[in-house]
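> Please work out how this folds:
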Amino acid sequence: MRRAAFGLLVACIPASPTLAGFAQVHGVAPWTETVISVSDVKPFARLLGEIGGWQPVARGRLSAAEIAYWQLPATASARFQLWCAPKSSTGCLRLVRFKGVPQQPIRLGARAWDPGGIYSIMMRSDDLPRLFDAAIKAGWWAESPIIRFNFGGSDLRNVVLTGPHGVNFAVYQRLSPPFTDFHLGLISQGFNSMRMVESRPRARDFYAQKLGFGLVFDGDGTNAIATAPEPSNFGIPLNYTLKALRAAAALSPTPGETGRVEMMQITEFAGIPQGARARAPNLGILSVRYPVQDLAGYRAALAKQGVTPAQSAEAVPIEGFGTTDLFAVTDPDGSLTEFYHAR
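So this is what the prediction gives:
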């Protein structure tokens, strides 16, 4: 049965941005990792490691300088594990356990259409039904059963897996044409991050004009979810799949299949903003981290666009990177995006 695939459409569109931005001039590369704040690593290790074949490539304690970068008191502490997919050194997940500070979920009780906070990290699979069955048995949940749909000449399967703290992994299997840009396996590296937004044009323009990303995809919000009442991958009520409209855009600092950021507005529903909690040490997806060759130059370019970092630090020891200069910016819906240079 083919069902309504609502949004997340950049899994099957052309790889190259149609509009270049100034980020590429300063050497902004695809994001290398996602930072996720968790209370317990074990549910993620079971899905990623036991089921997906991922491996922890680094682990340890956050330095005092990194705790300060996250604007936490000196009494706070944290440990992390950095997990990467097989045959991949990018699109990894840094799982961080903060201690000694109050926490609450970033997207507390949120539905898919509630804006603010990073909604999901997108991955791929070479056998989505097998992954779905294993994930459900491991205690993960989903917004819907697997959805199958056609878009842009591709035959796709998709499901949004939901774990602790409302962390979502949106997983795709492209049945045809074959996907060959990076290794798949049961769970591939991350390649995109989805943010639910109040206004697609406002969010799109922030990443394009303020951050200098290139435009990959821009949907005007005139398409309904389905042509008949069908389940959707965002859990939209069945009787609204003919009424709700999708408005999505995706951007990337460089051409390619990785390092993207996507924003989705579900125009029929007025969601409850979640962005005020999108800060460490709260639980959920905190950010994605983009490496930058010319960090000082890029930061100066952002300042000319009126972008002021929400947090920044220099010479921070970060395991997996080394001594690192970094800063984070906040998008219009309150979600963080980080930029760094490892010395």
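> Tell me which stretches of the stretch 51-200 of the chain form strands.
55-61, 77-84, 92-99, 118-124, 141-142, 147-151, 154-162, 168-176, 192-196 (DSSP state E, counting those that start in this stretch).
> Out of these, flag the one nearest residue 38.
strand 92-99 (5.2 Å; CB to CB). Heads up, the C-betas are built off the backbone N, CA and C, glycines and all.
> Low-confidence regions, this protein specifically.
For the chain, residues meeting the criterion pLDDT under 70 lie at 1-20, 221-227.
> Show me the helices in it, by range?
42-45, 64-69, 128-137, 200-205, 295-304 (DSSP state H).
> now what about the shortest one, what contacts it?
Read it as helix 42-45. 36, 38, 56, 81, 83, 93, 95, 138-140, 163-164, 167 (CB atoms under 8 Å, 6 or more residues apart in numbering).
> one more time with 6 Å
Applying CB atoms under 6 Å, 6 or more residues apart in numbering, the set of residues contacting helix 42-45 from outside is 95, 163, 164.
> Buried only: go through those for me.
The neighbour count (16 or more other CB atoms under 10 Å) marks 95, 163, 164 as buried among these.
> quick check, nearest of the contacts of helix 42-45 to residue 247?
Distances from residue 247 to these, taken by CB to CB, are shortest for residue 163, at 26.9 Å.
> Touching, residue 310 and residue 331? I think so.
No. Look at residue 310 against residue 331 with CB atoms under 6 Å: they stay out of range, at 10.1 Å.
> More neighbours: which of the two?
Set residue 310 next to residue 331 and count neighbours by other CB atoms under 10 Å: residue 331 wins out with 23 against 16.
> so how far is residue 163 from that one?
23 Å (CB to CB, to the nearest Å).
> Test my guess that residue 336 contacts residue 287.
Yes. Residue 336 lies in contact with residue 287 (CB under 6 Å); the separation is 4.1 Å.
> sorry, back to before: how about the strands of the stretch 51-200 of the chain in TSV, adding distance to residue 131?
Output for the strands of the stretch 51-200 of the chain, formatted as TSV (distance: least, CB to CB, whole Å):
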stretch	distance to residue 131
strand 55-61	17
strand 77-84	16
strand 92-99	16
strand 118-124	9
strand 141-142	11
strand 147-151	14
strand 154-162	8
strand 168-176	6
strand 192-196	17
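> what's around residue 152, how many residues?
So residue 152, with other CB under 10 Å, has 12 neighbours.
> Neighbours of residue 27, how many?
By other CB under 10 Å, 16 other residues sit near residue 27.
> which residues touch the residue lying closest to residue 337 once chain neighbours are set aside?
The shortest distance from residue 337 to any non-neighbouring residue, by CB to CB, 6 or more residues apart in numbering, is to residue 329 (5.6 Å). Residue 329 makes contact with 307, 309, 337, according to CB under 6 Å, 6+ apart.
> From residue 154, how far off is residue 329?
From residue 329 over to residue 154 (counting by CB to CB), the distance is 32 Å.
> Residue 143 now?
Distance from residue 143 to residue 154, counting by CB to CB: 21 Å.
> quick one, which of these two is more surrounded?
residue 143 (21 against 16).
> quick one: the more buried one and residue 231 touch, right?
No. With contact defined as CB under 6 Å, residue 143 does not count as touching residue 231 (9.3 Å).
> how long is stretch 139-151 end to end?
Distance between the two ends of stretch 139-151: 31 Å, counting by CA to CA, to the nearest Å.
> Distance from it to the middle of the chain?
17 Å (CA atoms, centre = their mean, to the nearest Å).
> Not counting sequence-adjacent ones, nearest residue to residue 98?
residue 281 is the one closest to residue 98 (CB to CB, 6+ apart), at 3.5 Å.
> residue contacts, the one you found?
Residue 281 neighbours (CB under 6 Å, 6+ apart): 37, 98, 101, 103.
> before we move on, back to that, to residue 319, which of the strands of the stretch 51-200 of the chain lies closest?
Each of those has some distance to residue 319 by CB to CB; the shortest is strand 55-61, at 4.7 Å.
> Residues contacting that closest one from elsewhere in the structure, which ones?
Contacts for strand 55-61 (CB under 6 Å, 6+ apart): 79, 81, 82, 83, 84, 319, 320.
> which pair in the residues you listed spans the largest distance?
Among the contacts of strand 55-61, 79 and 84 lie farthest apart (CB to CB), at 17.7 Å.
> These two - which one has more neighbours?
More neighbours surround residue 84 than the other of residue 79 and residue 84, with 23 against 14 (other CB under 10 Å).
> which residues does the closest residue to that one other than its chain neighbours form a beta bridge with?
Among residues not flanking residue 84 along the chain, residue 92 sits closest, at 4.1 Å (CB to CB, 6+ apart). Following DSSP bridges, residue 92 is listed with bridge partners residue 33.
> Alright, I will stop here.
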